[in-house]
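K.L.:
the sequence isn't on hand, but the structure is:
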């Protein structure tokens with residue numbers, strides 16, 4: 001029975017009038033972090049890029065300016081626009097961290113998720129998530145966290161609502177974690 005089902009599926013595929021599609025996997029470096037992405041070209045001439053998260057524990061740390069410039073250069077090459085500003089990220093971090101030397105933070109990339117869909121015509125859509133680690137040498141500390149010493153400090157930047165991705169990258173909200 002299973003063989004008949006598989007055979008029928010192959011016959012259906014062979015009989016369909018589908019156009020050739022293409023998929024390639026590419027390995028590359030972003031700020032000296034090795035990443036792998038999948039590029040697809042679809043029958044409707046749309047294109048899609050997907051970079052799934054993988055851990056990069058040995059990533060070299062960068063300053064906030066280097067990180068923002070590197071991410072913007074990368075994303076601009078794909079989407080045609082810049083997504084982040086140093087001041088925007090600094091202002092977000094100031095909500096959580098003591099303001100001691102935030103300009104000199106050393107930050108490393110831990111995980112990257114990127115999903116870009118470019119239709120043949122019209123506006124492309126971009127989902128991203130970056131999990132970042134602040135170097136222990138930066139002496140950054142969360143506000144109101146004076147009851148213990150800090151062993152590690154990480155943060156994320158994302159615009160995706162994909163719960164699977166956010167869960168894999170440890171970026172779920174406290175509310176989501178408790179559900």
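P.N.:
That came through, no problem. The shown structure was predicted, so the numbers you read here are calculated from the model rather than taken from an experiment.

K.L.:
what's next to the top helix by length along the chain, contact-wise?
P.N.:
Taking DSSP state H as the criterion, the chain has its longest helix at helix 64-79. With contacts defined as CB atoms under 8 Å, 6 or more residues apart in numbering, helix 64-79 is touched by 30-31, 49, 62, 81-86, 89-90, 102-103, 105, 107, 109, 114, 116, 124, 126, 128, 130, 132. Yep, even glycine has a C-beta here, placed from its N, CA and C like the rest.

K.L.:
give me the buried subset of the residues you listed.
P.N.:
If you count burial by 16 or more other CB atoms under 10 Å, the buried members of those come out as 30-31, 49, 62, 83-84, 86, 89-90, 102, 105, 107, 109, 114, 116, 124, 126, 128, 130, 132.

K.L.:
now, which of those lie within helices?
P.N.:
Judged by DSSP H, the buried ones among the contacts of helix 64-79 include 86, 89, 90 as members of helices.

K.L.:
how about the residue lying closest to the last one once chain neighbours are set aside, what does it touch?
P.N.:
What it means is residue 90. Of all residues not flanking residue 90 in the chain, residue 102 sits nearest, at 5.7 Å (CB to CB, 6 or more residues apart in numbering). For residue 102, the contact set (CB under 8 Å, 6+ apart) comprises 64, 90, 93, 94, 140.

K.L.:
for residue 152, see how far away the closest residue to residue 32 other than its chain neighbours is.
P.N.:
If the residues on either side of it in the chain are set aside, residue 32 comes closest to residue 60, at 4.9 Å by CB to CB, 6+ apart. The gap separating residue 60 from residue 152 is 17 Å, by CB to CB, to the nearest Å.

K.L.:
before we move on, what about residue 169?
P.N.:
15 Å.

K.L.:
residue 178 too?
P.N.:
When distance is defined by CB to CB, residue 178 is 22 Å away from residue 152.

K.L.:
one more: residue 42?
P.N.:
41 Å.

K.L.:
okay, these two: which has more neighbours?
P.N.:
Neighbour count, other CB atoms under 10 Å: between residue 42 and residue 152, residue 42 has more, with 15 against 8.

K.L.:
could I get the pLDDT score of the more buried one?
P.N.:
In this prediction, residue 42 carries a pLDDT score of 84.

K.L.:
give the contact list for it.
P.N.:
Residues in contact with residue 42 (CB under 8 Å, 6+ apart) are 21, 48.

K.L.:
give the contact list for the residue nearest to the spatial centre of the chain.
P.N.:
For the chain, the residue sitting closest to the mean C-alpha position, by CA atoms, centre = their mean, is residue 113 at 2.5 Å. Neighbouring residues of residue 113 by CB under 8 Å, 6+ apart: 51, 52, 53, 127, 128, 129, 130, 158, 160, 162, 165, 169.
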